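Participant: let's see this in three dimensions:
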Amino acid sequence: MMLILLVLVTSCGTENAPAQFEIDERLIPYYELFLSEAADRGRDLVIPYSFIIDFNHYIDGSGVTRTHKNGLIEIYIHSTDWYRWNDYEREYIMFHEFSHAILKRGHIKNDMSIMTERLYPSLTNYRTNREEMLQELFR
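Facilitator: Next up is the predicted model:
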């Protein structure tokens, strides 16, 4: 598995760990699309200082976002699920996890939102109501 790894060394002394940005190359297009969709809706996003986006087949669920006290944010996508999903499903899951990490959004009870707790029927709604759901996401 090839990862793109950028390590930025801070000049604030030894107490700060180097920032890192690691993303599996298969996930880069979804990351770039998320940023583009946000920009198209006037959102200027602040990208986390340390970010890891990768696959993991040991997670419970389709995707998980973890935020650590030191600023590190990890997003893991279930590798087995990834290969079963089509592009809409992949985009939906990635946008959901990016919204936890970057937009700091939690779950809501609304099946017309990417941030719902339930994958279905929200995922089905996304196919036919993508624009409306993205407007809600980036409001």
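
Participant: how close does the spatially most central residue of the chain get to residue 114?
Facilitator: Centroid-nearest residue in the chain, with CA atoms, centre = their mean: residue 98, separated by 2.2 Å. Computed as CB to CB, to the nearest Å, the residue 98 to residue 114 distance reads 10 Å. Bear in mind the C-beta positions are built from the backbone N, C-alpha and C, glycine included.

Participant: need the contact list for residue 136.
Facilitator: By CB atoms under 8 Å, 6 or more residues apart in numbering, the contact set of residue 136 is 110, 112-114.

Participant: again but with residue 57, I slipped
Facilitator: 78-80.

Participant: where do the strands sit along this structure?
Facilitator: In the chain, the segments counted as strands under DSSP state E are 3-8, 19-24, 50-55, 63-67, 72-77.

Participant: below-threshold pLDDT in this protein: ranges please.
Facilitator: For the chain, applying pLDDT under 70 flags the ranges 1-18, 48.

Participant: test my guess that the residue nearest to the centre of the chain contacts residue 73.
Facilitator: No - with contact defined as CB atoms under 8 Å, residue 98 does not reach residue 73; the gap is 9.9 Å.

Participant: phi, psi of residue 111?
Facilitator: Dihedral pair for residue 111: phi -70, psi 0, per degrees, to the nearest 10.

Participant: burial count for it?
Facilitator: 15 (other CB atoms under 10 Å).

Participant: how near is it to residue 100?
Facilitator: Relative to residue 100, residue 111 is positioned 18 Å away (CB to CB).

Participant: equivalent analysis for residue 34, please.
Facilitator: 12 Å.

Participant: quick one, which of these two is more surrounded?
Facilitator: Between residue 34 and residue 100, counted using other CB under 10 Å, the more crowded position is residue 34 (23 against 19).

Participant: what sits against the more buried one?
Facilitator: 94-95, 98, 102.

Participant: mind running it again at 10 Å?
Facilitator: Residue 34 is in contact with 45, 91, 94-95, 97-99, 101-103, 134, 137-138, counting by CB atoms under 10 Å, 6 or more residues apart in numbering.

Participant: now residue 131
Facilitator: Contacts of residue 131 by CB under 10 Å, 6+ apart are residue 37.
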